[in-house]
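Participant: fold the stuff below for me.
(one chain, ligands or ions: 1)
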Amino acid sequence: MATTETTHPTVQEAKNPNADRKSPDPPVSQSSGAPGPSTVAVHAGEARQKPGDSITDPIYCASTYTFTDTQSIINFIEQDQPREEYGRYGNPGEKVVEAKLAALEGAESAVLFSSGMAALVGLLMAKLSQGDEVIFFDECYHRSRQFCKDHLSRYGVVTHEVKTGDYQALENAITPNTRMLVSESPTNPHQSCVDLERFAEIGRQHDVETMIDATLATPYNLRPIEAGVDYVLHSATKYLGGHNDLLAGVVCGSKQQMASVRDLRGIMGGVNGPQNIYLLSRGLKTFELRMQRHNENGLAVARFLEAHPRVEKVYYPGLESHRDHEVAAQTMRGYGGLVTFLVKDADWRQTADVVDGAKIFRIAPSLGGAESLIEQPLVMSYFKRTPEERKKFGIPDNMIRLACGLENSEDLIADLGQALG
Ligand SMILES: Cc1ncc(COP(=O)(O)O)c(C=O)c1O
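Facilitator: As a prediction, the model looks like this:
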C-alpha cells in the first residue's frame with residue numbers, strides 16, 4: 001500500500017514561535033470591559049470544571065433530588081440552600097441556561113418556561129389580580145392578546161388595546177388600576193419598532209410596570225432592560241433555540257420582580273424537560289454567529305425584494321422605507337431574519353403560487369431557525385377570520401412572511417427570484 005508523504009511538520013518537529021520568549025506572567029485577556037455576546041453565550045452560567053470532567057454540561061434526567069438525611073432537609077429549608085429539591089422547582093441544567101439568558105439580556109434574573117406562551121401566562125398571572133388593567137399595543141402576538149381578553153378577563157383583569165406606536169393613546173389609556181404596559185418590538189408581521197425609552201418612561205411616570213416581547217429582536221439586536229423596561233420576554237422557540245427543534249420561553253427582569261414569577265412557575269409547572277434544556281443551551285453557544293447571519297440574510301433579502309418589479313411593498317425595519325426605520329436604527333444592532341412583503345397586483349391564489357413555488361424556503365409558521373420559512377399570513381394564521389377582521393389586523397391577501405434562516409443569501413434570493421417568476 002502506498003504511503004502518503006506529508007510536507008507538514010509533525011507536532012514534535014513544529015517550532016513553537018514563542019519558545020524563545022521569556023514570559024514569567026500568565027497570559028491575560030487583551031479585551032477590556034464586559035465580555036462579548038459570544039463569550040457570554042458560550043460560558044455564562046457554566047462551572048469551569050463539570051461533573052465527570054466533561055466539557056459539556058450533563059443532562060440531568062431527574063424528576064427528584066436526594067437528601068443524605070433528615071438534617072440536610074432541615075438545613076436546606078432553614079438556610080435556603082442553593083440546591084435542587086424536585087423537578088418542577090428547578091433542574092441544574094435549567095439554572096445554567098437561565099444564567100446564560102440573564103447575562104445575555106443584561107438582567108439580574110431569568111425564569112425559563114416550557115414555551116413563550118407559558119412565559120407570558122406565567123408573568124401576567126404572577127403580576128395581575130382581579131380589577132387590574134393591562135394595556136397592549138395592538139400589533140402584539142394574537143395569542144398573547146387572546147389570553148388576556150378571553151381568559152384573564154374571567155378572573156376580572158381588564159385588557160385595553162391601543163394602536164401600536166401611539167404613545168399618547170397609551171398614556172391616555174392608563175388608569176389608577178393599570179398595572180402593566182405590554183408591547184413587542186419589532187412586531188409581527190408589520191415589524192413596527194417601539195421607542196423603548198419613551199415606552200419605559202411612560203410606565204415609570206405612572207408607576208406602571210412595562211414588558212417588551214423581544215422575540216423578533218433577541219438580546220443581540222435589542223436591549224430593553226438597558227432602556228429601562230421592567231421585563232423582557234422571548235419565545236426561545238425562535239432565535240434563542242435557533243434550530244426549529246424545541247419550544248421554550250423566558251422572562252427576564254430584576255431579582256426582586258422575578259421572585260413571584262419563579263414561585264408561580266413552581267406551582268403552575270410549565271417547566272422544560274432536561275433534554276430540551278440541553279438543546280437550548282447547545283443552541284445558545286452559536287447565538288451571536290447565527291444572529292449575524294440572520295441579520296445579513298434578512299437585509300439582503302429585503303433589499304432584493306424592494307427592488308423587484310413584482311413586489312408592492314416590503315416591511316423590514318432595516319430598510320429606509322420602513323415607517324420605524326429611524327427608531328430601529330437608533331435602538332437595534334441588526335434587524336433579524338423576518339421579512340414581510342406584498343406581491344404586486346396579486347390575489348390570494350397568485351400569492352399562494354409564489355409561496356408554493358419556493359424550493360429552499362419551507363412552508364411553515366415560526367421563525368429563527370436554521371431553515372428559511374415562508375408563509376402567507378392570510379392562510380397560515382388568519383384563515384378563519386372575516387375579511388373585515390383581516391383588514392383591521394392589516395393582513396392583505398397578497399402578504400407573504402419570510403423567516404430567513406442560515407442558508408447563503410445568494411441562494412435565498414435566487415429561490416425568491418424564481419418563485420416570483
Ligand atoms: C412574538 C411572539 N411571542 C410569543 C410567542 C409564543 O411563543 P411559543 O410559540 O414559544 O409559545 C410567539 C410565537 O409565535 C411569538 O411570535
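Participant: residues from the stretch 51-200 of the chain in reach of the ligand?
Facilitator: 115-117, 141, 184, 188 (CB under 6 Å from any ligand atom). Placement of C-beta: from N, CA and C, glycine included.
Participant: just those now: which is nearest the ligand?
Facilitator: Distance to the ligand across these (CB to the nearest ligand atom) is lowest for Gly116, with 2.3 Å.
Participant: I'd say the closest one and Thr215 touch.
Facilitator: Yes. Counting by CB atoms under 8 Å, Gly116 does reach Thr215; the two are 6.5 Å apart.
Participant: so if I had to pick from these two, which one is more boxed in?
Facilitator: With neighbours defined as other CB atoms under 10 Å, Gly116 and Thr215 compare such that Thr215 has more, 28 against 25.
Participant: before we move on, what SS does that one have?
Facilitator: coil (DSSP: H, G, I helix; E, B strand; the rest coil).
Participant: walk me through the domains of this structure.
Facilitator: 41-284, 287-420 (automatic domain parsing).
Participant: so for the last one, mean pLDDT?
Facilitator: Taken as a whole, domain 287-420 has a mean pLDDT of 97.
Participant: show me where the protein has strands.
Facilitator: 109-113, 133-137, 158-162, 178-184, 209-213, 231-235, 249-253, 311-315, 338-343, 362-363, 373-375, 399-403 (DSSP state E).
Participant: ok, which of these comes nearest His43?
Facilitator: Among the strands of the chain, strand 109-113 comes nearest to His43, with 15.9 Å by CB to CB.
Participant: in the closest one, what counts as buried?
Facilitator: Buried residues in strand 109-113, counted by 16 or more other CB atoms under 10 Å: 109-113.
Participant: between Gly116 and Thr215, what contacts are shared?
Facilitator: 233-235, 238 (CB atoms under 8 Å, 6 or more residues apart in numbering).
Participant: these also near the ligand: which ones?
Facilitator: Ser235.
Participant: please name the residues that touch Pro365.
Facilitator: 373, 375, 380-381.
Participant: which members of those residues are the farthest-apart pair?
Facilitator: Maximum distance among those (CB to CB): 13.0 Å, for Leu373 and Ser381.
Participant: between those two, which has more neighbouring residues?
Facilitator: Counted by other CB under 10 Å, Leu373 and Ser381 do not tie: Leu373 has more neighbours, with 23 against 20.
Participant: for that one, what are its contacts?
Facilitator: By CB under 8 Å, 6+ apart, the contact set of Leu373 is 361-367, 402-403, 405.
Participant: what of Leu233?
Facilitator: 116, 119-120, 123, 211-215, 249-252.
Participant: what do you get for Asp53?
Facilitator: Not one residue lies near Asp53 by CB under 8 Å, 6+ apart.
Participant: for the one 10 residues further on, same thing?
Facilitator: Applying CB under 8 Å, 6+ apart, we find Ser63 in contact with 86-87.
Participant: pick out the lowest-pLDDT one from the residues of the stretch 51-200 of the chain next to the ligand.
Facilitator: Of all these, Tyr141 carries the smallest pLDDT score, 93.
Participant: surely it meets Glu184?
Facilitator: Yes. The criterion here is CB under 8 Å, and Tyr141 meets it with Glu184 at 6.6 Å.
Participant: list residues touching both of those two?
Facilitator: Asp213.
Participant: neighbour count for those two, which is higher?
Facilitator: More crowded of Tyr141 and Glu184, by other CB under 10 Å: Glu184, with 25 against 20.
Participant: partner residues bridging the residue lying closest to the more buried one once chain neighbours are set aside?
Facilitator: Distance criterion CB to CB, 6 or more residues apart in numbering; nearest residue to Glu184, sequence neighbours excluded, is Asp213 at 4.3 Å. Beta-bridge pairing of Asp213, defined through DSSP bridges, involves Glu184, Leu233.
Participant: distance check, Asp213 against His234.
Facilitator: 7 Å (CB to CB, to the nearest Å).
Participant: more neighbours: those two, which one.
Facilitator: His234 (29 against 26).
Participant: quick check: the more buried one touching Gly241?
Facilitator: No. Applying CB under 8 Å as the test, His234 and Gly241 come out as separate, 9.8 Å apart.
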